[in-house]
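*Asks:* Coordinates only, no sequence provided:
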Ligand SMILES: NC(=O)c1ccc[n+]([C@@H]2O[C@H](COP(=O)([O-])OP(=O)(O)OC[C@H]3O[C@@H](n4cnc5c(N)ncnc54)[C@H](OP(=O)(O)O)[C@@H]3O)[C@@H](O)[C@H]2O)c1
């Protein structure tokens, strides 16, 4: 029987892309054996790293070695292009766009344009970038449906932990009524460091040293990242049309060390809570610091761990926790979407 091929075009070649390529490289023979599909990476658009095209499939081992050595795609034998991501998507004759460009929390671009270009070209889309889901999910999803394309985005919230798949794949017939969660690592880490007696400034510096807080931490501290995740979840599971700017948002900068100490004396902790619920027939998104009791499961979600609780009509409340995620969990999220896409294509 002739082996099927699935060609991927990747936009963005940063940490998530490199970890996903490493995992694909390790799992290539498993995918071929178990799914009967040979996955080829035929194009990469990497902005400052340059872009590559190779219709026969880029050598993943050489790619990883080249990027680790030079930080660029330029050591590769493939055609090196100086062109936009849209041009790479249009030229690389792929079946699937894997969108892994930098998140722009304030407008979801240029990832929204990359996804539109892919659908217009007839590609399926997998993305780990929550910008498009937080800003424009309803329209992009309808675009995918009109083009009969598959649109997967599991990694956008809680990396590879099943959030959207949990609901769509394993809870058939269940309606989500509301959700809440702790979804921003940086603020969770800063609050915990302050509980240990460290100042806010030292806590931010430590989060930056460990590599999960940006040089400008305001997008986390002011609740924008949490608002984007809230909008993304609300848009998918509550069928809302929220944007991050529609989420009622309060960050953690108003919480001082004295308030944290006072809470500790009452055996309470501050947590930045994301919520989505329906009020007066409207979906409401909210992000704010709340006090949780020491015996509440939310009180034990520490450092970079996260939790999401959904309340459903038929299954009551279900919580999912991701403990101490690393880049491997991000890579797994993208990989799990790839396998799901292969399965969905087999059923067509
Ligand atoms: N890292 C994680 O654990 C994680 C977890 C869940 C979701 N995500 C999401 O996954 C995506 C990638 O994350 P990451 O950690 O890999 O980020 P990253 O290391 O900053 O890499 C992003 C890459 O995208 C490239 N890029 C930006 N705009 C581009 C454009 N217009 N065309 C082509 N390439 C472009 C950047 O190029 P330059 O090299 O020129 O800057 C960079 O190489 C983000 O949206 C992020 O929110 C990441």
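*Replies:* Yes, it's here. Bear in mind that the values here come from a model prediction, so they are computed numbers and not experimental data. Numbering: from 1, shown residues only.

*Asks:* need the contact list for the spatially closest residue to residue 156 that is not a sequence neighbour.
*Replies:* Spatial nearest neighbour of residue 156, excluding adjacent residues (C-beta to C-beta, 6 or more residues apart in numbering): residue 130 at 3.8 Å. The way it works is simple: take the backbone N, C-alpha and C, and place the C-beta from them, glycine included. By C-beta atoms under 8 Å, 6 or more residues apart in numbering, residue 130 lies in contact with 103, 153, 156-157, 228-229, 232.

*Asks:* now with 6 Å?
*Replies:* Contacts for residue 130 (C-beta atoms under 6 Å, 6 or more residues apart in numbering) come out as 156, 228, 232.

*Asks:* from those, which single one is nearest the ligand?
*Replies:* Proximity of the contacts of residue 130 to the ligand (C-beta to the nearest ligand atom) peaks at residue 156, which lies at 6.2 Å.

*Asks:* Pick out the residue of this protein closest to the ligand.
*Replies:* Closest residue of the chain to the ligand, C-beta to the nearest ligand atom: residue 14 (1.8 Å).

*Asks:* Per-residue pLDDT of that residue, please?
*Replies:* If you check residue 14, the pLDDT there is 94.

*Asks:* and what of residue 70?
*Replies:* We have a pLDDT of 84 for residue 70.

*Asks:* Number the residues from 57 up from this point.
*Replies:* Renumbered: residue one is now 57, and that last one reads residue 126.

*Asks:* Need phi/psi at the residue of the chain closest to the ligand.
*Replies:* phi -110, psi -150 (degrees, to the nearest 10).

*Asks:* which element is residue 63 on?
*Replies:* strand 60-67 (DSSP states H and E).

*Asks:* contact partners of that strand?
*Replies:* With contacts defined as C-beta under 6 Å, 6+ apart, strand 60-67 is touched by 73, 93-101, 141, 145, 148, 150-155, 157, 170.

*Asks:* for stretch 143-154, same thing?
*Replies:* Stretch 143-154 is contacted by residues 62-66, 98-99, 101, 107, 109, 173-174, 179-182 when judged by C-beta under 6 Å, 6+ apart.

*Asks:* Tell me the one of those residues nearest residue 391?
*Replies:* Ranked by distance to residue 391 (C-beta to C-beta), the contacts of stretch 143-154 are led by residue 182 at 9.6 Å.

*Asks:* Let me know the secondary structure of that closest one.
*Replies:* Following DSSP: H, G, I helix; E, B strand; the rest coil, we place residue 182 in the strand state.

*Asks:* Nearest spatial neighbour of it, chain-adjacent residues omitted?
*Replies:* Closest residue to residue 182 apart from its sequence neighbours, by C-beta to C-beta, 6+ apart: residue 393 at 4.4 Å.

*Asks:* where's the one you found, which helix or strand?
*Replies:* In this assignment (DSSP H and E), residue 393 forms part of helix 383-402.

*Asks:* chain center to that helix: distance?
*Replies:* Remark: helix 383-402 is offset 13 Å from the chain centroid, using C-alpha atoms, centre = their mean, to the nearest Å.
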